[in-house]
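Colleague: return atomic coordinates for the entry below.
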Amino acid sequence: MAKVTIWYDGGCPLCHREIALMRRLDTRRRIDFIDVSKEGGICPIDRQTLLARLHASENDVLLSGAAAFAAMWRAIPLLRPLGVLAKSPTILRVLEFAYVTFLKARPTLQRFAGGRSAR
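Modeller: Modelled structure (predicted):
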């Protein structure tokens, strides 16, 4: 199984909690988590773009949004079935729709979670 790299906004309290959970579930240490909210992190694309959506690299392919989540899930044995299911274009479209809906609500949700607004 390939190593996966995840670029995430560690300044977002929701993202921070999600990644903390994924780190705990990543018992085989197949995911490299990179917090792009901190200066000096290696970014494969524009940092603001990375902060706006979750991004991943799987098998040297850059993914974003629901596809990035699916790559992360495939690297975690417990969540792998969900990640494999998300390879279906129909399932991935549904997940992407849910992710985009979440992104629209993210600033409000962050206020409830005690963090700063999305960029």
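Colleague: pLDDT below threshold where in the chain?
Modeller: Judged by pLDDT under 70, the chain has its weakly predicted residues at 1-2, 40-41, 107, 110-119.
Colleague: could you tell me which helix of it is the longest one?
Modeller: helix 89-113 (DSSP state H).
Colleague: which residues touch it?
Modeller: Defining contact as Cβ atoms under 8 Å, 6 or more residues apart in numbering, one finds that helix 89-113 is touched by 12-14, 17, 52-53, 65-67, 69-70, 85-86, 116-118. Bear in mind the C-beta positions are built from the backbone N, C-alpha and C, glycine included.
Colleague: likewise stretch 21-39?
Modeller: 1-12, 19, 41-43, 47, 50-51, 72, 75-79.
Colleague: tell me where this structure has helices.
Modeller: Under DSSP H, the chain gives helices at 13-25, 47-52, 66-75, 80-85, 89-113.
Colleague: which of those helices is buried the deepest?
Modeller: Across the helices of the chain, averaging neighbours per residue (mean count of other Cβ atoms under 10 Å) puts helix 66-75 on top, at a mean of 24.
Colleague: what angle do that helix and helix 89-113 make?
Modeller: Here the directions of helix 66-75 and helix 89-113 differ by 100 degrees (axes from the mean of the first three to the mean of the last three Cα atoms, to 10 degrees).
Colleague: elements contacting helix 66-75?
Modeller: strand 4-8, strand 55-58, helix 80-85, helix 89-113 (3 or more Cβ pairs under 8 Å, 6 or more residues apart in numbering; DSSP states H and E).
Colleague: will you turn these into TSV that also has distance to residue 27?
Modeller: Formatted as TSV, the helices and strands packed on helix 66-75 follow (distance: least, Cβ to Cβ, whole Å):
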stretch	distance to residue 27
strand 4-8	14
strand 55-58	18
helix 80-85	12
helix 89-113	24
